[in-house]
Every structure is written in structure tokens, then in C-alpha cells.
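Q: kindly return the folded structure for what I paste below:
(one chain, ligands or ions: 1)
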Amino acid sequence: MVGLALVIVLVAAGTGLWITWDDTQTSRASPAGRVADLAPPSTAAADTRPTTTMALAPPCRFGDDPVTTDPATDWATTIVDTRYRLPEDFVPPDLVPVTEAGFDSQDQVREVMIEDLGAMRAEAEAAGAPFVVVSGYRSFSYQAQLYLERVAQVGEEEANRRTARPGHSEHQLGTAIDVLDPQGADLTTAFADTPTGRWIADHAHEFGFVLSYPEGGIDRTCYDYEPWHLRYVGRDVAAEIHELGITPREWMAAQAARDQEG
Ligand SMILES: [Zn+2]
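A: Here you go, the predicted model:
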């Protein structure tokens, strides 16, 4: 049933069938209505926001389409996935080391997120769930190197599920970080069950960060579960994504549809 719903939702999304809650109330017999019926239950039927967009994940495709928004200014809404690619020469304009947020490592992130990152570091530490930043900005050429190494290790198919092809990593945006508890050695899903991993899952959104690749979401995120990979989208957007229970990619796709309409 879930699989069927997903297929229908993906087909609907693929044909550009963007629907609103109001539409589904008045067109039960239409294909759009059936999509809504199969979609996850709305958490707030009285809410006037287009709640059904939560189910409209664009299908995951492999491609090299250029991103559809300016990653320098639209850092909260730029979709970077297996299809949409950042330009080879895109470098965020305001990179600073995470030492400015109180970390020891030299990884770089955009200055726009430093204040919230520092606040999250302090709050996590106070909660007994300290974390370190183990990865931040990655250049296009560094992504190319990582990808080729991974292909050599595990083959192309497995590599594509785990490692972004050059230009397809959110890390090039400068607003994505990988975090671990200070004792953690490897990026594995076991991180989710550590005190730090649980704290991140529960509280990161309060500081403007979201998990780009939540558990069970590969059909909607295009990548395997990564409890350590956070993307900064700002507190308002993060709160909305958390409240709706959708993936950031779904939120961004819905946002793009809203921008097209208006
Ligand atoms: Zn990452």
C-alpha cells in the first residue's frame, strides 16, 4: 500500500501535478483526489497550507541538470540531489572556519550559519550531548576525488547511493555539515543511537538545522540514511520542515512550486 501510494505520488510529482489541500477537498474523484487519499494523513486539516505537497517528492533521477536557484543567495531552498548539480566553479562567498562557532576543527562553513551553529554547540554540550564537526564545505574537485575513490572501493552502483557525484553534494553549498560525538570514529548509522545522535535528531531544528537524509526516506531524499548529515536552512524553515514531518528536499520542491505559482 505504501509502495503503491509512493508510485502514484511520484507519478503525480513527475507530471508536475502540484495540488493544494483545497483542491483535494473539492475533487475527490479526480486523480489528484486519489493521490491525496493515499498520501500520509494530514496533521492539521484546518491548516490552510498546502499540506498534500508533503507527499510530492520529485522522483529521484540521475542527471546533471543545473540547480534551479542561485546557491549563493538561496542557500535555504536550493535543491542539490542526484539530478541537480552545482556549477563546477561555485564556491560560497562567505566561508569561515568552524572555529568561529567554537569548534577545534578547521572545516569551513558559510558565515550565515555561524551564530546558530555556535548556539547549537553550546546547548548540546550543556545537555551532555557534545558534538564535533567532521566535515563542512567540500569543493567540486574534492568531491570528484571522493567519488572516484568510492567507485574504486565499492563499484559505481553502491557509490551512487552513498557518495555524491561531483557537484551533487550539499557540502559544496557550504551550509551542510557532518557531526559526530567527540568519541565517534566513523560516520555510521550507529550514531543515531548515541546520546549526541538522539539530541541532534530532537533539537537540531531549533537552531535551523535539518537532517537531509532521514531514516526510511531514500525514495524522497535520493540517498541512504545519514543521521550525521545536517543542512542549515535557518530556524523558520527548519521549524516548518520539522513540524510537517517531511524531508528538506520535499519542502524545497514544494517551495519551488509555490514560487512558480506566485
Ligand atoms: Zn554530509
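
Q: how far away is Asp107 from the ion?
A: Per CB to the ion, to the nearest Å, Asp107 is found 11 Å from the ion. Placement of C-beta: from N, CA and C, glycine included.

Q: tell me who's in contact with the nearest residue to that residue once chain neighbours are set aside.
A: Of all residues not flanking Asp107 in the chain, Gly136 sits nearest, at 3.4 Å (CB to CB, 6 or more residues apart in numbering). By CB atoms under 8 Å, 6 or more residues apart in numbering, the contact list for Gly136 reads Val98, Asp107, Gln108, Val109, His171, Gly174, Ala176, Ile177.

Q: what about the second one, how many neighbours?
A: Just to be clear, that refers to Asp107. Look at Asp107: counted by other CB atoms under 10 Å, it has 19 neighbours.

Q: these two touch, right, it and Val134?
A: Yes. At 7.4 Å, Asp107 counts as touching Val134 under the criterion of CB atoms under 8 Å.

Q: distance check, Asn160 against the ion.
A: Distance, Asn160 to the ion, by CB to the ion: 15 Å.

Q: contact partners for that residue?
A: By CB under 8 Å, 6+ apart, the contact list for Asn160 reads Phe62, Thr82.

Q: same question for Arg220.
A: Arg220 makes contact with Ala57, Cys60, Ile246, Thr247, Arg249, Glu250, according to CB under 8 Å, 6+ apart.

Q: got the end-to-end distance for stretch 83-95?
A: In stretch 83-95, first residue to last residue: 25 Å (CA to CA, to the nearest Å).

Q: let me see the ranges of the helices in the stretch 51-200 of the chain.
A: Under the criterion DSSP state H, counting those that start in this stretch, the stretch 51-200 of the chain contains helices at 114-126, 140-154, 156-162, 195-203.

Q: helices and strands around the longest one, which ones?
A: Read that as helix 140-154. helix 156-162 (3 or more CB pairs under 8 Å, 6 or more residues apart in numbering; DSSP states H and E).
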